[in-house]
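# Requesting a structural model of the entry that follows:
(one chain, ligands or ions: 1)
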Amino acid sequence: MMAEAISTAEKTQIGLTVNGVGTELNVAPWTTLLDALREHLDLTGTKKGCDHGQCGACTVLVDGRRVLACLTLAVMKDGASVTTIEGLAKDGALHPLQQAFIDHDAFQCGYCTPGQICRRQA
Ligand code: FES
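Below you'll find the model as predicted:
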């Protein structure tokens, strides 16, 4: 909603390669990489758990390095290559990390895994 409240002139155009696909986004200077992925690109596999750099639910790879997307401004990564959980599958087959999440009921931040307290409340 906040992104709609500012004019296009106040936004910055950035280019990202996300899961191997090049894309251009107009983002506010304060837009996090996490919000850019979730709200601009609808890649909701990257989760917003704590939004404070504590849980790791927002972890993505940026140019092959682990990054907490909630603590990273999207404009800082202009030109970068981002891999989200959606980008790990190859040829329709789950990546071992994706399979492990399914096998062990690991969702969101994982604080409660395997207790799954948050799943019971959802
Ligand atoms: S959402 Fe928890 S570390 Fe980013």
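# correct me, but Thr12 touches Trp30?
No - at 10.3 Å, Thr12 does not count as touching Trp30 under the criterion of C-beta atoms under 8 Å. C-beta here means a position set from N, CA and C on the backbone, and glycine is covered the same way.
# Quick check: the gap between the most centrally placed residue in the chain and Leu71.
Centroid check for the chain by C-alpha atoms, centre = their mean gives Thr46 as the closest residue, at 3.5 Å. Thr46 sits 13 Å away from Leu71 when distances are taken as C-beta to C-beta, to the nearest Å.
# tally of neighbours for Thr72?
Thr72 is flanked by 20 other residues according to other C-beta atoms under 10 Å.
# mind listing what the nearest residue to it once chain neighbours are set aside touches?
Sequence neighbours aside, Leu33 is the residue nearest to Thr72 in space, at 4.3 Å (criterion: C-beta to C-beta, 6 or more residues apart in numbering). Leu33 makes contact with Val60, Val62, Val67, Ala69, Cys70, Thr72, Leu73, Ala74, Met76, Lys77, Val82, according to C-beta atoms under 8 Å, 6 or more residues apart in numbering.
# cool, and Thr72?
Thr32, Leu33, Leu34, Val62.
# ok now do Thr17, which residues does it touch?
Counted by C-beta under 8 Å, 6+ apart, Thr17 has contacts Thr23, Ala80, Ser81, Val82.
# Surely Pro29 is in contact with Asp78?
No - using C-beta under 8 Å, Pro29 is not in contact with Asp78; the gap is 11.5 Å.
# quick one, which of these two is more surrounded?
Neighbours per residue (other C-beta under 10 Å) separate Pro29 from Asp78, with Asp78 holding more: 15 against 11.
# Got phi/psi on the spatially closest residue to that one that is not a sequence neighbour?
The shortest distance from Asp78 to any non-neighbouring residue, by C-beta to C-beta, 6+ apart, is to Ile14 (4.1 Å). Note on Ile14: backbone dihedrals following degrees, to the nearest 10 are phi -130, psi 160.
# please renumber so the chain begins at 4
I'll keep to 4 as the first residue from here, and by that count the last item is Ile17.
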